[in-house]
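Student: Build me a model from this:
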Amino acid sequence: MSNKYAQFIKMLRTERNFSQSELAIKLGMSRPSYIAIEQGKKEITLSEAEKISEIFGVSLREMESGISANYKKYKQMILSYIRNAGSKKDGCITKTKLAKLLYLADFAWFYNHLESMSGMQYRKIQYGPVPDSYFRAIDELFEDGQIKITPTEDGAILISQTRNGAKIALSEINEEEEKLIKSISKKWKGRNTKEIVTFTHNQLPYAVCLDNEIIPYELITQENPEDVY
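Tutor: Reported below is the predicted structural model:
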């Protein structure tokens, strides 16, 4: 295993505030064995790589490339969208619509800068493109008391910001990124979930990929500017 690979795993651990002992337990190994992995002295097996992938919500492709998504920033993007795209009446947004708005921000940013805003890897699933870690991020924000989750009678999940969430400074998002999020929010505010699902499904990146496949960011560059978001 390369040093780059070892450093990537260490970075994931420190970003999520896991101790070496905690992660070793989750992986079912001794602390010395885990330390050897971080130091690049011990190869990891495929099953261990899959466990690490599941724990941190990253794909094996990300681990192999050593490219880390900014998970903290992604969670702040979620809060930013709730603040900007939530209903004027109750501040709520459906969980599905929120996922699509995050996708539009990442791929629109790539369209103009050739890099995504968060670095997340989006997968083609039935209801649209979404990172594997989206559901984990929502759960963590709920557990931390930053968002409220409300199921509806028709099966939708509404998400809104709590007072604690409103206090969070969006320090990872720069002014230009926030401007894009607000622009996307303005376009889609007041439009229902079905409309944005249809829009993202018709975009080239989603349309040409196979089910459950990671969607290459590069595909968005073939869209017309008016169809990016």
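
Student: residues of stretch 11-26 that come out buried?
Tutor: Within stretch 11-26, the residues that qualify as buried are 12-13, 18, 20, 23-24, counting by 16 or more other CB atoms under 10 Å. In this view, the C-beta of every residue, glycine as well, is placed from N, C-alpha and C.

Student: meant to ask about stretch 221-229
Tutor: For stretch 221-229, the neighbour count (16+ other CB under 10 Å) marks 223, 228-229 as buried.

Student: about what we covered before: if you look at the buried residues of stretch 11-26, which of them are in strands?
Tutor: Among the buried residues of stretch 11-26, no member falls in strands (criterion: DSSP state E).

Student: ok, back up a step: just name the closest of the buried residues of stretch 221-229 to Lys182, please.
Tutor: Relative to Lys182, the closest of those is Tyr229; by CB to CB it sits at 11.9 Å.

Student: Which parts of the protein are helices?
Tutor: Assigned by DSSP state H, the chain shows helices spanning 3-15, 20-27, 31-38, 46-56, 60-65, 71-85, 95-113, 134-143, 163-166, 175-188, 193-202, 204-208.

Student: now the fourth one: how far from the chain's centre is it?
Tutor: Read it as helix 46-56. How far helix 46-56 lies from its chain's middle: 17 Å, per CA atoms, centre = their mean, to the nearest Å.

Student: what residues does it touch?
Tutor: With contacts defined as CB atoms under 8 Å, 6 or more residues apart in numbering, helix 46-56 is touched by 9, 12, 16, 23, 26-29, 37, 44, 59-60, 63, 71, 133.

Student: Kindly indicate which of the residues you listed lies nearest Ile173.
Tutor: Looking across those and measuring by CB to CB, the closest to Ile173 is Tyr71, at 13.5 Å.

Student: pLDDT at that closest one, what is it?
Tutor: In this model, Tyr71 is scored at 82, pLDDT.

Student: And Lys4, by the same measure?
Tutor: 58.

Student: Contact partners for Ala108?
Tutor: Counted by CB under 8 Å, 6+ apart, Ala108 has contacts 180, 184, 220, 228-229.
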